[in-house]
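Peer 1: Just the structure for this:
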Amino acid sequence: MLTISFCLLLSFFYLSAVIDPSSYAAEQIEIVLADKVQYFADLLNTTPQTGMHADHLLFIFFKYSS
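Peer 2: Residues are numbered from 1 along each chain as shown. Predicted coordinates for the structure are as follows:
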């Protein structure tokens, strides 16, 4: 029961980041994924854009993580 509750809360956390890119959740996701974006920018030898929203970062994260 506790695991299900935690998964629901985590889902709402990520959903709020997608709905409102300026929310606390979106900012936290942006901070966590900034290193991954920099890694892929270095890999592709490009410079990352500033001001990316959390939904763009989530797309990059899920597209290239395997």
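
Peer 1: hmm, which helix or strand of this protein has the shakiest average pLDDT?
Peer 2: Sorting the helices and strands of the chain by mean pLDDT, DSSP states H and E puts helix 54-64 at the bottom, at a mean of 67.

Peer 1: most residues in a single helix of the protein, which one?
Peer 2: The longest helix of the chain (DSSP state H) is helix 24-44.

Peer 1: what's it packed up against?
Peer 2: Applying 3 or more Cβ pairs under 8 Å, 6 or more residues apart in numbering; DSSP states H and E, one finds that helix 24-44 contacts helix 2-19, helix 54-64. To be clear about C-beta, it is placed using only N, CA and C from the backbone, and glycine gets the same treatment.

Peer 1: and that helix, average pLDDT?
Peer 2: The pLDDT scores in helix 24-44 average 82.

Peer 1: any idea of the angle that helix forms with helix 2-19?
Peer 2: Put simply, helix 24-44 runs at 70 degrees to helix 2-19, going by axes from the mean of the first three to the mean of the last three Cα atoms, to 10 degrees.

Peer 1: Show me which positions of helix 24-44 end up buried.
Peer 2: In terms of neighbour count (16 or more other Cβ atoms under 10 Å), helix 24-44 has its buried residues at 25-26, 29-30, 33, 37.
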